[in-house]
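Undergrad: Quick one: sequence plus predicted model below, questions after.
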Amino acid sequence: MWGCALHPEQFYTLSFLGVFVVVGLLFALGPLILAYMLAPYRPGRTKNETYECGLEARGDSWIQFRVQYYVIALAFLIFDLEAVFLFPAAMVLRERFVEQSLSLGLLAAVEIVLFVAILAIGLVYAWAKKLLEWN
Amino acid sequence: MVGASELWQQMRYLMPEGLLLCAGLVILLFDLVVKKGRSLYPLAMLATAGAAALALLPLESSEPLFFGMIQSDAFARYFKVFSALAGFLVVLMSMDYKPLPARFVGEYLGILVLALAAIMLLAESTNLLMIFLSLEFLSLSSYILVGFLRNDKKSKEASLKYFLFGAMCTAVMLYGFALLYGASGSLDLPAIKAAFANRQNTPLTCLAMLFILAGFGFKVAMVPFHAWVPDAYEGAPTPITAFLSVGSKAGGFAVLLRVFFTVFPGLDYHPYWLAVVGVLAVFTMTVGNVIACSQDNLKRLLGYSSIAQAGYVLLGFVVMDGRFTQPAVMIYLLAYLFMNLGAFVVVIVIANTTGQEEIDDLAGLSERSPLLAWSMFIFLLSLAGVPPLGGWIGKYYIFATLVKGYLEGLSGGNLMLWFAVALAVNSVIAAYYYFRIVKAMFFEHARERMARPVVGGPLLTALYVSLILTFAVGLWPQPFLNWVSRMALPLL
């Protein structure tokens, strides 16, 4: 295709991909097929319930959810991710201060504060706009 | 290792977008305190004007900045000026746009200003990761802006369609980035180029480039990634339609130019590439022009026209010669900025008067408001590429680029001649629907009870600025051409 020949070397490299695809398919489909052949099939009312234990599921989940639910979920997600970013940043920060210059460490610290501050503005905004009040 | 003081030094290259980012956040915070949203307009105007002024300062660096994430060269500076200028005009247009609810003005302006900063970042990114982030930044702000008329069903539908389509194209583009990274081992554009310089190409790179084209093609409204354009343009608040048609399109072209000029020369099948892009460009302008002929809604018509215009600009890419392509594309975009924004100013005035945006609403405009009718006439002539207006200079340079490419015997020269013919044929088709509007304005009589349009100060300013610059680019192109040639990417 378009004058791109496949070298033996490239073919060798790509063959890994082929093997990976085949093994991946087998790995995913194998247990399903095995279960289909081996497992006994005896459905019942209790067995068909959503959760095996815990609260009993009531009603249908195919309903309209409140839009506000998504707003709160989004706000939560943002701060969830913020934490994910802060941990590695904190690890590197120590390295910056100890192994490199003080000024570089300070710069990194300021950047982290900026990052958190911008997210905080978002939270303040959502709060002031009464998006976090459930009524 | 880069020291702290050097990083601090590098910050000064980011002053325009820094100003816009701060202004965006400040506007959002002010919105909480100030209850009257209209008082935020001066702030947004000040921010965009300030950003334009900062971008005009000759602060350029050919060195990669921030660990190779950004290159704030003359090329990036051109698009910074462009984006700030477009932003300023869009803010002016928004001031008198009636359907926009007053209590959402703060949010609207904040997100608009942030979107402008996103365009600036997009134009200067030299790393796939940074390109993706700025592209998403721009896209997410645009999705929200399109759906700003919350009580309007069309606006919500437009926003959703734009979002779904955009998410799809972004996913494909991201896949392309991943493949390109796999093929070259780097996310930095210069490093990717170096990796391809002395190696045979694989189907992998072909696929990667096609996928990436999907993401950029979505932003510039290239066929077959244009399906969102008519609905999003029709449903969005009109100033935002104007913003999408110039601002976000220019951002797409900026990143496309950078990737084309950095990565593609390293690929040894790049003549084939140019043929692919050329054929897509011809499809883009033909589809845009042919469908535009049957439109009755002004915003939809201008939407299809903007697809066609994207096709013209894309043709400039076919001649991958640094001397021609970049100045042609950049001067076209500059002319397009003013003529298209001007046309949308008239659409806003019409919509404010009659409450809708059909061609029939323009009937007898020459009697009701000669100023508007003649300005619209000028903008449409310019869009159609009639001399001596800005649009003509743009089209002339694209055409000349193709012919020069043919005459100089660049690879795929014969094809270029055919593309030039396609461009000429398409200009004729385009004239048909632009003149349908002219016919309505000058040769049809107004329906009864049609009010005289009233143009307020801000809209009038935007109209005059667009009008003067549409003429200026056409009549005195030399200073603009000199400027644009100076701002082009360095040749590799």
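TA: Sure, I can see it. Residues are numbered from 1 along each chain as shown, chains lettered A, B, ... in the order given.
Undergrad: residues touching residue 54, list them.
TA: Picking chain A for this. Under the criterion of Cβ atoms under 8 Å, 6 or more residues apart in numbering or on different chains, residue A:54 has no neighbours. For the C-beta atoms, the positions are set from N, CA and C on the backbone; glycine is no exception.
Undergrad: Oops, wrong one, chain B.
TA: B:15-16, B:19.
Undergrad: at 10 Å instead, please
TA: Residue B:54 makes contacts with B:12, B:14-20, B:77, B:80-81, B:84, as judged by Cβ atoms under 10 Å, 6 or more residues apart in numbering or on different chains.
Undergrad: Need the pLDDT of it.
TA: Per-residue confidence (pLDDT) for residue B:54: 94.
Undergrad: quick one: it is in a strand?
TA: No. Applying DSSP: H, G, I helix; E, B strand; the rest coil, one finds residue B:54 to be helix, outside a strand.
Undergrad: From residue B:119, how far off is it?
TA: 15 Å (Cβ to Cβ, to the nearest Å).
Undergrad: For residue B:373, what is the enclosing helix or strand?
TA: helix B:370-384 (DSSP states H and E).
Undergrad: CA atoms only: put that helix into CSV for me.
TA: Output in CSV follows, covering the C-alpha atoms of helix B:370-384 (Å, rounded to 0.1, in the frame of the first residue of the first chain):
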residue,chain,number,x,y,z
PRO,B,370,-29.4,50.9,3.0
LEU,B,371,-26.3,50.8,5.2
LEU,B,372,-27.0,47.2,6.2
ALA,B,373,-28.0,46.1,2.7
TRP,B,374,-24.8,47.6,1.1
SER,B,375,-22.5,46.2,3.9
MET,B,376,-24.0,42.8,3.5
PHE,B,377,-23.6,43.1,-0.3
ILE,B,378,-19.9,43.9,0.2
PHE,B,379,-19.4,41.0,2.6
LEU,B,380,-21.1,38.6,0.2
LEU,B,381,-19.0,39.9,-2.7
SER,B,382,-15.9,39.3,-0.7
LEU,B,383,-17.0,35.8,0.3
ALA,B,384,-17.7,35.1,-3.4
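Undergrad: Would you mind listing where chain B has pLDDT under the threshold?
TA: B:1-2, B:198-201, B:265-271, B:322, B:411-412, B:448-449, B:491-492 (pLDDT under 70).
Undergrad: How about it: which residue is closest to chain A?
TA: Proximity of chain B to chain A (Cβ to the nearest Cβ) peaks at residue B:4, 3.8 Å away.
Undergrad: Not counting sequence-adjacent ones, nearest residue to that residue?
TA: Using Cβ to Cβ, 6 or more residues apart in numbering or on different chains and skipping residues adjacent in sequence, the residue nearest residue B:4 is residue A:103, 3.8 Å away.
Undergrad: okay, now the one you found: neighbour count?
TA: Residues lying near residue A:103 (other Cβ atoms under 10 Å in any protein chain shown) number 14.
Undergrad: Show me which residues of chain A sit near chain B.
TA: Contact residues, chain A versus chain B (Cβ under 10 Å from any Cβ of the partner chain): A:1-7, A:10, A:13-14, A:96, A:100-108, A:110-111, A:117-118, A:121-122, A:124-125, A:127-129.
Undergrad: Buried subset of the residues you listed as a ChimeraX selection?
TA: Buried residues within the residues of chain A next to chain B, by 16 or more other Cβ atoms under 10 Å in any protein chain shown, are selected in ChimeraX with:
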select /A:4,96,104,105,107,108,125
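Undergrad: Let's see which of the residues of chain A next to chain B end up in helices.
TA: A:10, A:13-14, A:96, A:102-108, A:110-111, A:117-118, A:121-122, A:124-125, A:127-128 (DSSP state H).
Undergrad: which ones are touching residue 103?
TA: Let's take chain A. A:96, B:3-5, B:7-8.
Undergrad: meant chain B, my bad for not saying
TA: Applying Cβ under 10 Å, 6+ apart, the residues contacting residue B:103 are B:31, B:35-37.
Undergrad: try it again with 7 Å
TA: With contact taken as Cβ atoms under 7 Å, 6 or more residues apart in numbering or on different chains, residue B:103 is in contact with residue B:37.
Undergrad: that older thread, and the contacts of the helix holding residue B:373?
TA: When contacts are defined by Cβ under 7 Å, 6+ apart, helix B:370-384 is touched by residues B:305, B:335, B:339, B:342-343, B:346, B:349, B:365-366, B:389-391, B:427, B:430-431, B:434, B:437-438, B:441-442, B:453, B:455, B:463, B:467, B:470.
Undergrad: Pull out the buried residues from the contacts of residue B:54.
TA: Buried among those by 16+ other Cβ under 10 Å: B:14-20, B:77, B:80-81, B:84.
Undergrad: and of those, the nearest to residue B:409?
TA: residue B:77 (33.9 Å; Cβ to Cβ).
Undergrad: got the contact list for the closest one?
TA: Per Cβ under 7 Å, 6+ apart, neighbours of residue B:77: B:55, B:60, B:487.
Undergrad: now it: how far from residue B:125?
TA: When residue B:77 is compared with residue B:125 (using Cβ to Cβ), they lie 14 Å apart.
Undergrad: swap in residue B:310?
TA: For residue B:310 relative to residue B:125 (Cβ to Cβ), the value is 21 Å.
Undergrad: Excluding covalently adjacent residues, which one is nearest to residue 104?
TA: Using chain A here. Closest to residue A:104 by Cβ to Cβ, 6+ apart is residue B:4, at 4.4 Å.
Undergrad: meant chain B actually
TA: Nearest one to residue B:104, counting by Cβ to Cβ, 6+ apart, is residue B:148 at 6.4 Å.
Undergrad: so after the helix or strand residue B:415 falls within, what's the next helix or strand?
TA: Per DSSP H and E, residue B:415 falls inside helix B:413-443. Note on helix B:413-443: by DSSP H and E, the next helix or strand toward the C-terminus is helix B:457-475.
Undergrad: Can you give me the buried ones in that following helix?
TA: B:458-459, B:461-463, B:465-467, B:469-474.
Undergrad: Dump those into TSV; add distance to chain A as well.
TA: TSV is the format used below for the buried residues of helix B:457-475 (distance: Cβ to the nearest Cβ, whole Å):
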residue	distance to chain A
B:458	27
B:459	30
B:461	31
B:462	29
B:463	34
B:465	33
B:466	34
B:467	39
B:469	35
B:470	39
B:471	43
B:472	40
B:473	38
B:474	41
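Undergrad: Using the record's domain definitions, break chain A down for me.
TA: Following automatic domain parsing, one gets these domains for chain A: A:8-40, A:67-128.
Undergrad: Comparing these, which comes out most buried?
TA: Most buried of those by mean neighbour count (mean count of other Cβ atoms under 10 Å in any protein chain shown) is domain A:67-128; its value is a mean of 13.
Undergrad: Quick test: name the residue nearest the centre of chain A.
TA: residue A:81 (9.4 Å; Cα atoms, centre = their mean).
Undergrad: pLDDT value on that one, please?
TA: pLDDT, residue A:81: 87.
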